[in-house]
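A.B. asks: Sequence and computational prediction follow.
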Amino acid sequence: MNIVLINPKGYDYRCTMPMGLAYIAGALRDHCVKIFDLHYNYDIAALLDYFLQIDVALAGFSVYGDTFLDVLKTIGQIKRISPSTRILLGGHYATESADEILNHYKEIDIIVRGAGEHAMQRIATSNFNDIASIPGICYRDQNEMVIIAKSLCMPIDIYPDRTKFPTPTQYSLKTNAQQVTAAIITGRGCINDCSFCAISQSTERKWKRRSYEDIEQEIQELYEQYDVRHLYFFDADFLLSPQHVKRVCAMLQKYGDLTFTCTGCVNSVLRCKFLLDDLRNAGCMGIEVGIESAAQTQLDRYNKHISVSDIDAVTRLLPEHGIPIEIDLIPFDPYVTIDELQETLCFFYRNTLTTPEYEDRWFITLSLYPGTEYKSMMQKAQQIRDGSHNIYWDFYHKKSADYYRYVYYYENVLWPRVKFIRMRASSIIHKIVNMQDRIHYYRILSVLKSITFDYLRDVLYCFTEDSIQAHAHLKVREYTRLLDNYEDALRSYVDV
C-alpha cells in the first residue's frame, strides 16, 4: 500500500521533526511510506506532483486546532488530483472532534483516536478491509452513519523512523540553531489536569514511558549517526518522575558535549529540585515551565494546583542552579480581570523578567481545545462563537477586552518597530568610533530593553479604578512618538 503522511504547516517557532509522524512511520516500515513535512518546507507543488504520479491509497494528516483549516484546503487539492485516495486524520484535535469532523466533512474518511501506531499497522495490512474490527478507528458505515470508537491507549513500544524525514542538520539550519538539534520523546501523556490542555484530556491523565533501552539507543544514534549535539525532550512534562529524570541524566552524562532542554510543570520542578544539579551536569541548558499566570484566581481557573509562591520559588530556584528558565504564559482567557493581569505583570517585574526574550508571552490568548474542561465550561455558558472550527470567544469583562485591544495593537504595530530599532541600533554601535555617539545608541537600547513591559504596565494602569481609561490612547501616542524619535536618530546616522 502506498501511504503518504503529511505534517501541515503550523505556527510553532520550533522546526523539528514531527515526532508523532516519526512513530507512525516506524510502525509502517514494511510499507511504502512517503513523508511531506510542510512545516519544514511548504512545497504544495511537490506534494501534488507526487499524487499525480503515484497511486496513493491513503493520505494521513497530523492535525492541530490551528492547522485544521489549512489541512482542509490541502485535502481539497489532493482530492482533485487523486479522488480515490482515502483521507485519514490523527492527533489531539482530530481525536476530540472526530464526530463533528466526520459529520461535516465528507472528504475525510477515517479518524484515528489516540495513539495511532497499531491502528495504522492494521489499516495498512488489511487494505481497508474490516475496518470496524480495528480499535480506535472512527469512520462512516455503508449507511453513512458515523461510528465513533473509544480513544486508544498510549503504546510507545514502536521505534521512530527518522530516515524518511529531513536530517536533524537540515531542520537545525532552518531555524539557524547554533548546534545540530533533534527532538526526542521519553514518555507519553501527562498526569496533570490543566483545564485548557488537550494532552491530559486525551491521555486520561496517564503517563507511560518508553523502555530505557530504546531511549539510550536513540540518544546514541542521534549523537553518532546524525552528529546531534543538542536534544529537545518533547515530553509534555519531562520532570514528571524524579526516578525517570535521574535515569535519563545518567545516560546523558556519558557525552561530554551533548546539551538538552526540556519541559516541566511548576510542581514537577519542585518535586525534582534535589536533581537540578544533576540536570545541569548532564547538560541541561534550560527548562520550559508552564506557569500560565501569576494570579491565584486565574491559576485556579486553569486547574494548575500551584500557588504564586510556588511560581516565585521555581523562578529563583532554576537560575540559582545554573539552569535558565523559559516561561510559558497564557495571560488572556475569557474571564481574566484587570487585577489578575496586574498581578501577573508584577511577577515579571519583581523577578526581573522584563527583557526581550519574554515579550511574546504577553500576546498569548487561551486556545479552546476540543474535549478540555475549559471549553466545556464555555459551551455550557454559551460564550463560544464557533465558525468552521475556528474557535472565538468574548471577554467577560469589558475592561479586559478594551485593554487587550491595546496589547494587540502593540504586538502588530509597535512591536515590529521596536525589534527593528533594536537590531539596527545594535549593528550601528559596532561601527561608531566616537564614544559620545556610541553612548547615545546604548541609551536607546537600554530603554528598548524593557519597553514592551513598560508599555503593558503604563497602559494597564489606565484601566485600573484609580485612573482614567481614556488616557490609554495618550500612552499609545507617547510610545509612538518615542519610537518616531529613535527612528529619526537611526536615519541621521550615515554609515561611512
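C.D. replies: The structure has been received and is ready for your questions.

A.B. asks: what are the phi and psi values for Val269?
C.D. replies: phi -60, psi -40 (degrees, to the nearest 10).

A.B. asks: Is the nearest residue to it once chain neighbours are set aside inside a helix or a strand, and which specific one?
C.D. replies: Leaving aside its chain neighbours, Val269 sits nearest to Val314 (4.8 Å; criterion: C-beta to C-beta, 6 or more residues apart in numbering). No exception for glycine: its C-beta is placed from N, CA and C like everyone else's. Element membership for Val314 (DSSP states H and E) is helix 308-320.

A.B. asks: Just name whatever secondary elements the helix or strand following that helix is in contact with.
C.D. replies: Toward the C-terminus, helix 308-320 is succeeded by strand 325-329 as the next helix or strand (DSSP H and E). Here strand 325-329 touches strand 284-292, helix 308-320, going by 3 or more C-beta pairs under 8 Å, 6 or more residues apart in numbering; DSSP states H and E.

A.B. asks: from the ones you listed, which stretch is densest packed?
C.D. replies: strand 284-292 (a mean of 22; mean count of other C-beta atoms under 10 Å).

A.B. asks: List of residues touching that strand?
C.D. replies: Strand 284-292 is contacted from outside by 194, 230, 239, 259-266, 269, 279, 298-299, 302, 304, 311, 314, 318, 323-330, using C-beta atoms under 8 Å, 6 or more residues apart in numbering.

A.B. asks: Helices of the stretch 301-450 of the chain, start to end?
C.D. replies: Here the stretch 301-450 of the chain has its helices, by DSSP state H, counting those that start in this stretch, at 308-320, 338-350, 373-380, 398-409, 415-429, 435-449.

A.B. asks: ok, now the stretch 151-300 of the chain?
C.D. replies: Using DSSP H, counting those that start in this stretch, the helices of the stretch 151-300 of the chain run over residues 168-174, 198-202, 212-225, 242-252, 266-271, 276-281, 296-301.

A.B. asks: any idea which of these scores lowest on pLDDT?
C.D. replies: Lowest mean pLDDT within these: helix 198-202, at a mean of 73.

A.B. asks: Domains in the protein, by residue range?
C.D. replies: Recorded structural domains for the chain (assignment: automatic domain parsing) are 2-147, 167-330.

A.B. asks: Quick check: Lys9 touching Tyr40?
C.D. replies: No: using C-beta atoms under 8 Å, Lys9 is not in contact with Tyr40, being 9.1 Å away.

A.B. asks: So for the two, which residue has more residues nearby?
C.D. replies: Tyr40 (20 against 16; other C-beta atoms under 10 Å).

A.B. asks: coming back round to it: and the helix holding Val314, what other elements does it pack with?
C.D. replies: helix 266-271, strand 284-292, strand 325-329, helix 338-350.

A.B. asks: so of these, which one's packed in deepest?
C.D. replies: Mean neighbour counts for the helices and strands packed on helix 308-320 (mean count of other C-beta under 10 Å) peak at strand 284-292, with a mean of 22.

A.B. asks: relative orientation of that one and strand 325-329 in degrees?
C.D. replies: Between strand 284-292 and strand 325-329, the angle comes out at 20 degrees (axes from the mean of the first three to the mean of the last three C-alpha atoms, to 10 degrees).

A.B. asks: measure the closest residue to Arg438 other than its chain neighbours to Tyr441 for me?
C.D. replies: Once flanking residues are discounted, Arg438 sits nearest to Ile432: 4.6 Å by C-beta to C-beta, 6+ apart. For Ile432, the distance to Tyr441 (C-beta to C-beta, to the nearest Å) stands at 7 Å.

A.B. asks: nearest to Val112, of the helices and strands packed on helix 308-320?
C.D. replies: strand 284-292 (27.1 Å; C-beta to C-beta).

A.B. asks: Give me the sheet partners of that closest one and which way each runs.
C.D. replies: Next to strand 284-292 in the sheet, as set by DSSP bridges, lie strand 259-264 (parallel), strand 325-329 (parallel).

A.B. asks: nearest to Glu100, of those?
C.D. replies: strand 325-329 (28.1 Å).
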